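Novice: coords please:
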Amino acid sequence: MQRFDNVDVFASLNALMRQNTGFYQSDLEIDKEVIAKAAASPDAADKTLLWLSRPSGTYCFRERDVFLKDTGPHNTWRFHKEQTRDRILAYAIELTGVEDGKIRGNLYELDYAQHYQRVKEQAVPADMVRLTYAYGDREQPARCQRQFEIVRKRRRNFVVFRR
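Specialist: Numbers count the residues shown, from 1 in each chain. The predicted structure follows:
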């Protein structure tokens, strides 16, 4: 597995995406927003991300969210192994700072099939969930939360509720 140290994260992901993603390359713009938000966060746990490229788009999630069962990131990470035969390029991103206005970090290539198995075996259920509304947030126990997933369509996120 390859490792890229102290790279311009956006430029590197763009190059990787162009190797594997033919459609919905604009998903990378959404990923850049996630990465920029994580880079600005004071929380060290926000600095470790998981990114995947598939033939029809990309995804970027906080690592900890992928390991929380029944969350959108967890379900999405597992979906591409369980229900598609797409070629997946997966990377762990460790954000290290900002230099000359560019977000820098280390990229670690992942064996997606092996990492999927690790996520499947080691994921834990969430205790609490935070619901974010236009006029504030609300926290409640996860067992009361209706299962939901975020469906990305072009540049918009849609929340789909399931009972």
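
Novice: residues near Ser56, how many?
Specialist: The tally of other residues near Ser56 (other Cβ atoms under 10 Å) stands at 13. C-beta here means a position set from N, CA and C on the backbone, and glycine is covered the same way.

Novice: can you show me the strands along this structure?
Specialist: 3-8, 48-54, 57-62, 89-99, 102-110, 128-133, 136-141, 147-153, 156-162 (DSSP state E).

Novice: ok, now how distant is the residue nearest the centre of the chain from Gly136?
Specialist: Geometric centre of the chain, nearest residue: Phe61, 1.8 Å, by Cα atoms, centre = their mean. Applying Cβ to Cβ, to the nearest Å, one obtains 24 Å for the distance of Phe61 from Gly136.

Novice: same question for Ala123.
Specialist: The gap separating Ala123 from Gly136 is 29 Å, by Cβ to Cβ.

Novice: with Ala44 instead?
Specialist: According to Cβ to Cβ, Ala44 stands 27 Å off from Gly136.

Novice: what residues are up against Asp127?
Specialist: Taking Cβ atoms under 8 Å, 6 or more residues apart in numbering as the definition of contact, the neighbours of Asp127 are Pro141, Ala142.

Novice: and it, backbone torsions?
Specialist: Note on Asp127: its backbone torsions stand at phi -90, psi -40 [degrees, to the nearest 10].

Novice: okay, now the unreliable bits of the protein?
Specialist: Applying pLDDT under 70 to the chain flags the ranges 143-163.

Novice: which residue of it lies farthest from its centroid?
Specialist: Max radial position in the chain (Cα atoms, centre = their mean) goes to Tyr135, at 25.7 Å.

Novice: circling back to that earlier point, could you dump the strands of the chain into a markdown table and include distance to Ala40?
Specialist: Written out in a markdown table, the entries for those read as follows (distance: least, Cβ to Cβ, whole Å):
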| stretch | distance to Ala40 |
| --- | --- |
| strand 3-8 | 17 |
| strand 48-54 | 13 |
| strand 57-62 | 13 |
| strand 89-99 | 9 |
| strand 102-110 | 9 |
| strand 128-133 | 18 |
| strand 136-141 | 19 |
| strand 147-153 | 21 |
| strand 156-162 | 20 |
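
Novice: quick one: residues in contact with the longest helix seen in the chain.
Specialist: Among all segments of the chain classified by DSSP state H, the helix with the greatest residue count is helix 27-40. With contact meaning Cβ under 8 Å, 6+ apart, helix 27-40 is reached by 9-10, 13-14, 17, 21, 46-47, 49, 51, 57-62, 93, 95, 97-98, 103, 152, 155.
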